[in-house]
Structure formats: structure tokens, C-alpha cells
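Chemist: quick one: sequence plus predicted model below, questions after.
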Amino acid sequence: MFRFESISSFSWLWWLPVILLVSFFMTRISQSRLQKAIGKKLYPFLSSSLSRRKRLVKWVLQALTFTLMVVAMARPQLGESMQEIKSEGVELMVIADVSESMMSEDIRPNRLEQAKAEMSRLIEMMPGNKVGIIAFAGSATLLSPLTNDPSALKMYLDSLSPSSVSAQGTNFQRALEEAESAFQRGGVTVDETVKVTRVIILASDGEDHEVGALDAAKKLVEKGMRIFSIAYGTERGGSIPERDQMGFLRGNKKDRNGNVVLTTVKGDALRALAEAGQGSFYHSVFGGNHLERIVEDINKLEKAQFETQMATQYEERFQVFLFLAFLLGLFEIWLGERNAPFRLWKGRFEVPPA
């Protein structure tokens, strides 16, 4: 079966008539200027060595060369074979909520410290895989690109704090978009024969203040990613402590009316996000086995995606068209625009060329 991999490349053919027209008009302008410079009577004699037929042939060759190069860009393919898809393991992006609500101490020492400890443990449970770390609140920041260095990852986890981001709040959509961008910049190049399991783990208390997160999660699923979420905090909730630079408690955060702000975990929001991302939702509890279950889910996902899949591999044939374009281009350069040997004017007599 003959096919083109990149049909959109044929849009370059629209430039062909433009190039030919520009070349034609530039030639006419050049002739007109030369005729004015040397006079109408002398111009026919001086230009008699030029062959209009060869010039026309050169234009045709240029057009054919350009056309063949465009066809090569479209990647013509002929013949096919089946090839087994090769799995490249797991790429895991940890998205950690560092909003001020994560500093609540309804779980000890606080929600953020609990999430940092568990994410560090999760990295130890999945050795050899590439992991990245994103901190988010009202904005999102990539702290560590995808790497399989556990020491560097734990260092970035230890540095997580509300000051890791430039804006407070909670914006899941922005965090998911940053994760997608990080996968594209630092992940394995994915094609028909190389696939990778891409997983996002969202550690948060679920207080999303923006809309659009569910739509963003569904778009990531369409691109082969899965989203798992872990909720940190209690339904009873707790206050958000405010401490000085030395770590001493100054009081609790209050709203504009002077009331102490209480923050509770929003498990329903995180559950909906995991369902939209075709992953799983877990609530972090002391002594729980949620991390083991996440690792088990990811291992199942990897096997299910790649164990028996085959890909159709097409044979590239663009080299033939590129080679023909190269030959025609060389011939066009060699051809020139002069007539066959003609008689030269030397003084009063016409003599054959030497």
C-alpha cells in the first residue's frame, strides 16, 4: 500500500507558481534595464547568445526539483511490516500542593510534611523509573525535570514550601498543564514503536479555587496519561498556623472579619479528578497501604498497555524522490542558458569561437 505520512507537506506546492512568477518577472525587469542601458539596437546582438528554449527548460527543471523535494517531505511510504511495541518503563510526575492550607496541622506534623514523606517513600518503591516534581498553588513551577536520581528528587521534595511558588491559591488546571509540558520537554520520544507509561500523582487537600481541571484531565487521558490523586487532611479540618522566621507560633490565619480560617480536605474534588484522569483516588491515613496500592495500579497499567500490542511499521521511500531532486538540480545548474557555439564579433569580421 502506497501512502504519505505527512500530507500537510503538500501545502508547500502553493509556493511553486509564486516562485515561477517572481522568476519570470525578475527576468523581464532585468532585460528591460539592460535594454535601456545599452540601447534597443545593440541589445538583440548582445543577447543573441542566450537561448530562450534553454531558459524555459531550466524553469521546468526547477519546478520539478521543487516538486520532488515537497514529495520527499511528505514521506512517501510503500510496504508495511508488524513490529512489537517496546515499553520504556514509567515516567512519573509528582504534583505537590504547597498552598497555605497544606500547612494545617490536623495531621502531624502538617499536611505538606506528610505528603513530602510519602512521596519520598514512593520514589524508593519505584526504583529505575524517571520522576519529576512540580510544586503548585495558584501557579505551578517545575522543580525537578524527569530524572532517575533519587537523591536529587528527595532534595527537591525537602525544599517544598509555600514559598516554592509565586502565587497562592489552588489551581489544578495550571498544575496539569505544567506536567504535560514537562513530559514533552524531558520525556522519552514516543512514536509508533516506543511507548511509555506516563502517570501524574497529585498530592493535595483538594481545595481547588479554579475551574477547568476536569477538562484538562480528560485531555491528558487522550494523550495517554493517567492521573492518581491522594488527599491529605481530615474532614474535621484544622486552622492554618502562622509562624515567625524562627518557627515560633504567632497565631492562626484569619479572614477579613477576624475569624480563624478552618480548612478541611475536599476528597470529592480529588476523586472526580482521578476519575476524569482514569486513575485512582486514595486518602492518606497513618499506617495505610495506599502507596503500595498506587504502585500496584501503575504496574498493572504498564502491563495492560504494552504487553501484547503490535505496531504497523511502514517502509520509507522518500530517499528515491530526494535523490531524483538532487540529480535534476545538478542538471539544471549544468545546463546553462547559452546557445550552441556561435560566431563572435571581432572588429569588422565574424569569426568562429576559439
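Modeler: Great, that's in hand.

Chemist: what's the span of stretch 158-172, first residue to last?
Modeler: Start to finish, the residues bounding stretch 158-172 are 22 Å apart (Cα to Cα, to the nearest Å).

Chemist: let me fix that, I meant to ask about stretch 101-114.
Modeler: 13 Å.

Chemist: and stretch 162-173, by the same measure?
Modeler: Terminal-residue distance, stretch 162-173 (Cα to Cα): 18 Å.

Chemist: pull out the buried positions in it.
Modeler: By neighbour count on 16 or more other Cβ atoms under 10 Å, the buried set for stretch 162-173 is Pro162, Ser164, Val165, Gly169, Thr170, Asn171, Phe172, Gln173. Heads up, the C-betas are built off the backbone N, CA and C, glycines and all.

Chemist: let's see which of those end up in helices.
Modeler: Within the buried residues of stretch 162-173, residues falling in helices by DSSP state H are Phe172, Gln173.

Chemist: pLDDT and distance to Gly329 added to the buried residues of stretch 162-173, as JSON lines?
Modeler: Output for the buried residues of stretch 162-173, formatted as JSON lines (pLDDT from 0 to 100; distance: Cβ to Cβ, whole Å):
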{"residue": "Pro162", "pLDDT": "88", "distance to Gly329": "62"}
{"residue": "Ser164", "pLDDT": "88", "distance to Gly329": "56"}
{"residue": "Val165", "pLDDT": "87", "distance to Gly329": "55"}
{"residue": "Gly169", "pLDDT": "78", "distance to Gly329": "59"}
{"residue": "Thr170", "pLDDT": "79", "distance to Gly329": "59"}
{"residue": "Asn171", "pLDDT": "85", "distance to Gly329": "54"}
{"residue": "Phe172", "pLDDT": "90", "distance to Gly329": "54"}
{"residue": "Gln173", "pLDDT": "90", "distance to Gly329": "50"}
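
Chemist: the stretch 101-250 of the chain: strands as residue ranges?
Modeler: For the stretch 101-250 of the chain, the strands defined by DSSP state E, counting those that start in this stretch cover 130-136, 140-147, 194-204, 225-231, 238-239, 241-243, 249-252.

Chemist: and of those strands, who's closest to Met73?
Modeler: Closest to Met73 of the strands of the stretch 101-250 of the chain, according to Cβ to Cβ: strand 194-204, at 23.2 Å.

Chemist: show the low-confidence segments of the stretch 1-150 of the chain, by residue range.
Modeler: 43, 45-50, 80-89 (pLDDT under 70).

Chemist: ranges for the helices of it?
Modeler: Using DSSP state H, counting those that start in this stretch, the helices of the stretch 1-150 of the chain run over residues 15-38, 43-46, 52-73, 111-125, 150-158.

Chemist: which of those helices sits most buried?
Modeler: Between the helices of the stretch 1-150 of the chain, helix 111-125 has the highest mean count of neighbours, a mean of 19, where neighbours are mean count of other Cβ atoms under 10 Å.

Chemist: so it versus strand 194-204, what angle?
Modeler: Helix 111-125 and strand 194-204 meet at an angle of 150 degrees, taking axes from the mean of the first three to the mean of the last three Cα atoms, to 10 degrees as the criterion.

Chemist: list the helices and strands helix 111-125 packs on?
Modeler: Judged by 3 or more Cβ pairs under 8 Å, 6 or more residues apart in numbering; DSSP states H and E, helix 111-125 is in contact with strand 86-97, helix 150-158, strand 194-204, helix 290-306.
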